[in-house]
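# coords below, sequence missing:
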């Protein structure tokens, strides 16, 4: 068998193959170990705003192995452990519990019994629990769970086989049997809830990458058997933030600050308590980064003060949207940044343009194009079987498992990406008048009732704010249709675009300005990160035509009237008139899992006026007049 090389891109170490995620490659199956395996080899990624929110010191990305050097590289990055360990031979069907001592570099496990040494295949089913644990199913015990005689009840042999019969095409045709006592049981019903509890298989309270010296947790959750490729095996919890320029007071260029943060002695300076060693680290960093010791001390003091002032709960202080909204609302105030280059533009509507364009221009307050923007995406942890819910309520979702399963994580895995984008803000006067319409308020209240009953409520309110406003659902739907239309117009496919919705409600009595806008952007893994397609579409008259077309396409769906008349769709009924045929996007695009979407609040229907209903109505009348003239 030829040697094989297994490769994972740096961006994939966050999602979808981050800590706890399963990687299927070339007939093999692995799970990503926690960040203890990274040691100090990760490259630093700076994002002070995001670090403050998540309560960590910094972020690190996986080190990149140069092309052609993989065979000579030592274990310096994320570790992937073979899982499941129960494998079977596709020829003789003998099952093997694979030990780490049998691993050979860049070679897949093979069967030693069969001629030609065929590659062993991993078992399809595994067990997970709501506490985030994952393990192999005890197939020996499964095979002996229905003994027929005393010999089968007393059998302790490990020789088992995974047999497929031609009797059926379902799971009842697959069975695990003991090669010694002939005890056997099919896989029929293995996906039923509590089936493993009935067999007597508890959760072992550990993760596949933990060593024998790691003490397992005492877990009282009931394990569930699932297919290892099922969507409920892994729910990553990620966070992202745009790199907004540092506040006034630090006059050094951004690149100097970045060099200081990336210096190898910066973590040592932060952990030093004072004395001569602190001055030595400070002098070394200043010399290597070609700056002054006073500037290094300023950065260290600011980092210490930010960590000390970190709030215990998410509030206005760690709402990342506030600074981003301020930067997009006043692009003229952002100058001299190498990672955040924005400029104001316009729709380009003239006084003699059709009424539909005039109506649209009245509802759009501003347009900003971002020629260059840097985004940091970090992985906080994951959950299994169910998405994580409120920590105080065990009945709402699974438990969040940290990326460091041994102790509290001081840093998180992350990547920084560069790209371009278009920001659109909506006129607050028109928006406020529309939000006060009783029909709009009642329709949004019904959506919020479903939100309150959902296990995703806490996470979604982190984006929408304490109260679900009509503007959030409307602007979120606008962002989705904007991405779908840009995928036709800009040259980027939909999966490469991302959204940020600025429409959250704030705590009553706060003096924070209202938000009403969307930012659609692309972010690539290289230093360039832009093809210019979005910036070009943000210029007049391209953006105007794109917005008109997306509003026209939002009026109908191939699933209508089922889609348009829906009173609850998707998981937990958090969507209304929105489905895969008209509104939903790839999961990488949406920041809240394709939830809280409704075309009705965007373009309206017979009873509920949409925010852009006047634009659509004027466009229809203009089309009818054009037909009559012909």
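Okay, I see it. Since the model is a prediction, treat every value here as computed from it, not as a measurement.
# going forward, measure contacts and count neighbours with C-alpha atoms only.
Noted.
# hang on, residue 226 in a strand?
Yes. Using DSSP: H, G, I helix; E, B strand; the rest coil, the secondary structure at residue 226 is a strand.
# Roughly how far does it sit from residue 184?
20 Å (CA to CA, to the nearest Å).
# and if you look at residue 80?
Distance of residue 80 to residue 184, given as CA to CA: 33 Å.
# With residue 440 instead?
Taken as CA to CA, the span from residue 440 to residue 184 is 60 Å.
# Which strands and helices lie in contact with the top helix by length along the chain?
When the chain is parsed with DSSP state H, its longest helix is helix 470-489. Other elements packing on helix 470-489 under the criterion 3 or more CA pairs under 8 Å, 6 or more residues apart in numbering; DSSP states H and E are helix 428-435, helix 438-452, strand 497-502, strand 517-524, helix 533-537, helix 542-553, helix 600-603.
# how many other residues sit next to the closest residue to residue 205 other than its chain neighbours?
Nearest residue to residue 205, sequence neighbours excluded (CA to CA, 6 or more residues apart in numbering): residue 217, at 4.7 Å. Counted with other CA atoms under 10 Å, the neighbours of residue 217 add up to 12.
# do residue 561 as well
Residues lying near residue 561 (other CA under 10 Å) number 11.
# doesn't it fall inside a helix?
No. Residue 561 is assigned coil when assessed by three-state DSSP, not a helix.
# Pull the number of nearby residues for residue 244.
The tally of other residues near residue 244 (other CA under 10 Å) stands at 23.
# pLDDT score for the residue nearest to residue 205?
pLDDT for residue 217: 87.
# cool, and the one 4 residues further on?
At residue 221, the model reports a pLDDT of 92.
# Now it: closest residue in space that isn't a chain neighbour?
Closest to residue 221 by CA to CA, 6+ apart is residue 129, at 6.2 Å.
# Residue 360 is nearest to which of the helices and strands packed on helix 470-489?
helix 542-553 (8.1 Å; CA to CA).
# And the closest one, what does it pack against?
helix 470-489, helix 533-537.
# Highest mean neighbour count out of those?
Comparing the helices and strands packed on helix 542-553 by mean neighbour count (mean count of other CA atoms under 10 Å), helix 470-489 ranks first with a mean of 23.
# Average pLDDT for it, rounded please.
95.
# now stretch 15-32
pLDDT averaged over stretch 15-32 gives 92.
# do stretch 427-441 as well
Mean predicted confidence for stretch 427-441 is 94.
# For that stretch, what is the distance to the chain centroid?
32 Å (CA atoms, centre = their mean, to the nearest Å).
# Can you name the residues in contact with it?
Contacts with stretch 427-441, where a contact means CA atoms under 8 Å, 6 or more residues apart in numbering, come from 362-365, 469-471, 516, 601, 607-609, 611.
# how long is it from one end to the other?
19 Å.
# Kindly report the same for stretch 563-580.
Terminal-residue distance, stretch 563-580 (CA to CA): 10 Å.
# And for stretch 231-239?
Span of stretch 231-239 from end to end, CA to CA: 20 Å.
# can you list the residues that contact it?
Applying CA under 8 Å, 6+ apart, the contact partners of stretch 231-239 are 14-16, 18, 20-22, 50, 128, 226, 377-388.
# try it again with 7 Å
Residues outside stretch 231-239 that contact it (CA atoms under 7 Å, 6 or more residues apart in numbering): 21, 377, 378, 379, 380, 381, 382, 383, 384, 385, 386, 387.
# Next, format those residues as CSV and append neighbour count and distance to residue 303.
Listed next are the contacts of stretch 231-239 as CSV, based on neighbours: other CA atoms under 10 Å; distance: CA to CA, whole Å:
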residue, neighbour count, distance to residue 303
21, 22, 32
377, 24, 20
378, 27, 19
379, 22, 21
380, 23, 20
381, 25, 24
382, 24, 27
383, 27, 30
384, 26, 34
385, 26, 37
386, 21, 36
387, 22, 33
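# that older thread, closest one to residue 537 out of the contacts of stretch 427-441, please.
The closest of these, once distances to residue 537 are taken by CA to CA, is residue 364, at 16.0 Å.
# Which strand residues bridge the closest one?
residue 426 (DSSP bridges).
# Secondary structure element for residue 142, which one?
helix 139-143 (DSSP states H and E).
# C-terminal to that helix, what's the next element?
helix 150-154.
# buried ones in that next one?
The neighbour-count check on helix 150-154 (16 or more other CA atoms under 10 Å) flags residue 152 as buried.
# So which residues make contact with that helix?
144, 147, 181, 183.
# For it, the averaged confidence score.
Mean predicted lDDT for helix 150-154 stands at 84.
# Since that was my last question, I'll sign off now.
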